[in-house]
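1. What follows is a predicted structure for the sequence shown.
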Amino acid sequence: MNYSGILTQLIVGLSRTMILFIVSSGMSLILGVLRIPNVAHGSFYMIGAFLSYTIASFLGDVSYSFWFGIALAPIIVGLLGFFLERVFFSYLYEREHLMLLLLTFGLASVLGDLVKLIWGAEYRSMTTPVFLQGSSEFFGLPVPNYNLFLLFIGPAIAILLWFIFNKTKFGKIARAAAADKEMVSAVGVNVNLIFSLTFVLGCILAGLGGALVAPIVNISLGMDHSLIMEVFLIVIIGGLGNIWGAFLGSLIFGITQSFGILIWPQFGIIFPYLAVVIVLLIRPRGLLSSTW
Amino acid sequence: MLEVKKMNTFYGKSHILFDVSLFIKEGEVVGLLGRNGAGKTTTMKSIAGLLTPKSGEILFHDESLIGKKPYEIVRRGICYVPDERRIFGDLTVEDNLEIVYKRNNEWTKDRVYNLFPQLKEISQRKAGLLSGGERAMLAIGRALMSSPKLLLLDEPTEGLAPIIVKMLEEQILELKKTGISILLSEQNIISSLKIIDRAYVIDNGKICFEGTVSELAQNEGVKRDHFLI
Ligand SMILES: Nc1ncnc2c1ncn2[C@@H]1O[C@H](COP(=O)(O)OP(=O)(O)O)[C@@H](O)[C@H]1O
Ligand SMILES: [Mg+2]
């Protein structure tokens, strides 16, 4: 492969890290504020992908069907998250923490079965929307339009999250609750509501990640498993609960992944894991400050 | 306005408060005095809903507070200022004030800054970077933002330099003039006498004296027995 081909591959890889970032930021939020290592986070991502497929195929080949999927799938996943949080999680916050972890394990397998029941076990695939097909020149390199779109949407989500957590009252309270939830209650705030909203936001981000990845992968049962490991590692190397950490972690993970596959196709897959080990050897608590 | 009757509180299996009873009337500043480990914080946390008493009754305006969540108690007009301050270190001073639930507009940010002008100058600073005195002021200001009828002030001057203690005491006296009710816990009896109207002395989780400031001032026995300085 020539030099520009390699660069193109890297840019494509970089664009995929944006999806990793979006999903990881949701995980990081839930981990930071609710302190739940949500094993079912990958399931929300998978459901987001299937929903986006269903919405797009239901609406047919119209220009807005993609946007509908992108907008609607995360909202439906958010509603599902809201329901689950109210019905299961909210009763466990004051209980043994292990209970919450076990609950998320159980949920992951139940949600997996649910997906199998609704969508079946075979692969689904959808095309990129017409207006995002083809390629454009990006610094003189031909890059698929859809990947350029991802490169735009990742930072946009990062800025949106920055805004929410630094400029809105909800975000400020969530940050305070991440550090001392009892004290937040002691200044009159209903922390359970903040937990609920944070959980829903985390689910929406997982659903959005799924909706964004849908046009470029095979949508299948099991796509949650491969993702959840990566997302956990990203959140750990970034610093638990730190959204910029999730961004940095995704970049490190995604870029070493694309590099690895380029230079050593058979074993490239181990490079991001090596990167994780190196980061943790140097900074055991993650790159950026953790809320834990 | 507040009446605590025969309250018993535990930490797990260890029995900490034994039949604690006390009352506070509208506009009163009441001292809860006792040495380190006597049970002052436990009493306040029980009233604020951060701990749940095993038995007894806590009535606020004739409504029982037992089993209510801390935020529900704040919304009824009781706010706790921890001895550890527990300010939100990741947020700015201003954001610490702004995220509080506001029962009404009696207290605003500007009014808090009026009482504690030092806070206004550092309103954009990260609260985690504040000095001990600034933290104490912020913790009080934060509680005031909820416009409480009753403030539970847990050792507000503990660990502060004498000059800061003096300033803070004047500010609490200023606060007293507004007519707010305060339950003030202190180890240092001398300094608290200037502020309080009436006092309870607590030791080993039991109330062992109650009376007016002058009664307490004259009672050398109580002061000696309970190591009040
Ligand atoms: N979290 C806790 N777990 C167990 N015991 C505690 C805890 N906090 C305080 N205690 C005990 O309860 C007693 C009263 O403590 P506290 O109310 O904090 O006293 P004070 O505020 O008067 O210094 C002490 O004997 C202390 O050791
Ligand atoms: Mg104490």
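-> Cool, the structure landed. Numbering: from 1, shown residues only, chains lettered A, B, ... in the order given. Ligands and ions are numbered 1, 2, ... in the order given.
2. contact partners of the host helix or strand of A:Leu103?
-> A:Leu103 belongs to helix A:97-119 when assigned by DSSP states H and E. Residues from elsewhere that reach helix A:97-119, judged by Cβ atoms under 8 Å, 6 or more residues apart in numbering or on different chains: A:35-44, A:46-47, A:50, A:53-54, A:84, A:88-89, A:92-93, A:221, A:224, A:228. From N, CA and C alone the C-beta is placed, and that goes for glycine too.
3. then it to PDB, C-alphas only?
-> Output of helix A:97-119 as PDB, limited to C-alpha atoms (Å, rounded to 0.1, in the frame of the first residue of the first chain):
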ATOM      1  CA  HIS A  97     -22.800  -2.400  45.100                       C
ATOM      2  CA  LEU A  98     -22.200  -5.900  43.800                       C
ATOM      3  CA  MET A  99     -26.000  -6.200  43.300                       C
ATOM      4  CA  LEU A 100     -25.900  -3.500  40.700                       C
ATOM      5  CA  LEU A 101     -23.000  -5.100  38.900                       C
ATOM      6  CA  LEU A 102     -24.800  -8.500  38.900                       C
ATOM      7  CA  LEU A 103     -28.000  -6.700  37.600                       C
ATOM      8  CA  THR A 104     -26.100  -5.300  34.600                       C
ATOM      9  CA  PHE A 105     -24.800  -8.800  33.800                       C
ATOM     10  CA  GLY A 106     -28.300 -10.200  33.900                       C
ATOM     11  CA  LEU A 107     -29.600  -7.300  31.900                       C
ATOM     12  CA  ALA A 108     -27.000  -7.800  29.200                       C
ATOM     13  CA  SER A 109     -28.100 -11.400  28.600                       C
ATOM     14  CA  VAL A 110     -31.800 -10.600  28.800                       C
ATOM     15  CA  LEU A 111     -31.400  -7.700  26.300                       C
ATOM     16  CA  GLY A 112     -29.400 -10.000  24.100                       C
ATOM     17  CA  ASP A 113     -32.200 -12.600  24.100                       C
ATOM     18  CA  LEU A 114     -34.700  -9.800  23.400                       C
ATOM     19  CA  VAL A 115     -32.700  -8.700  20.300                       C
ATOM     20  CA  LYS A 116     -32.600 -12.300  19.100                       C
ATOM     21  CA  LEU A 117     -36.400 -12.600  19.600                       C
ATOM     22  CA  ILE A 118     -37.200  -9.400  17.700                       C
ATOM     23  CA  TRP A 119     -34.600  -9.300  15.000                       C
END
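4. so what does the helix or strand following it touch, helix or strand wise?
-> From helix A:97-119 onward toward the C-terminus, using DSSP H and E, the following helix or strand is strand A:135-138. Here strand A:135-138 touches strand A:141-144, helix A:145-167, going by 3 or more Cβ pairs under 8 Å, 6 or more residues apart in numbering or on different chains; DSSP states H and E.
5. Could you rerun that using 10 Å?
-> For strand A:135-138, the packing partners by 3 or more Cβ pairs under 10 Å, 6 or more residues apart in numbering or on different chains; DSSP states H and E come out as helix A:3-29, strand A:141-144, helix A:145-167.
6. What spatial separation is found between A:Phe131 and B:Gly39?
-> 70 Å (Cβ to Cβ, to the nearest Å).
7. Could you list the low-pLDDT ranges of the chain?
-> Picking chain A for this. A:1, A:291-292 (pLDDT under 70).
8. You answered for a different chain; I wanted chain B.
-> For chain B (pLDDT under 70), the answer is B:226-229.
9. Name the residues of it found near ligand 2, please.
-> B:Thr41, B:Asp83 (Cβ under 5 Å from the ion).
10. What residue in chain B comes nearest to ligand 2?
-> B:Thr41 (3.2 Å; Cβ to the ion).
11. what does the stretch 1-150 of chain A give?
-> A:Glu94 (23.5 Å).
12. Spell out the secondary structure type for that residue.
-> coil (DSSP: H, G, I helix; E, B strand; the rest coil).
13. Could you do B:Phe10 as well?
-> The three-state label given to B:Phe10 by three-state DSSP is strand.
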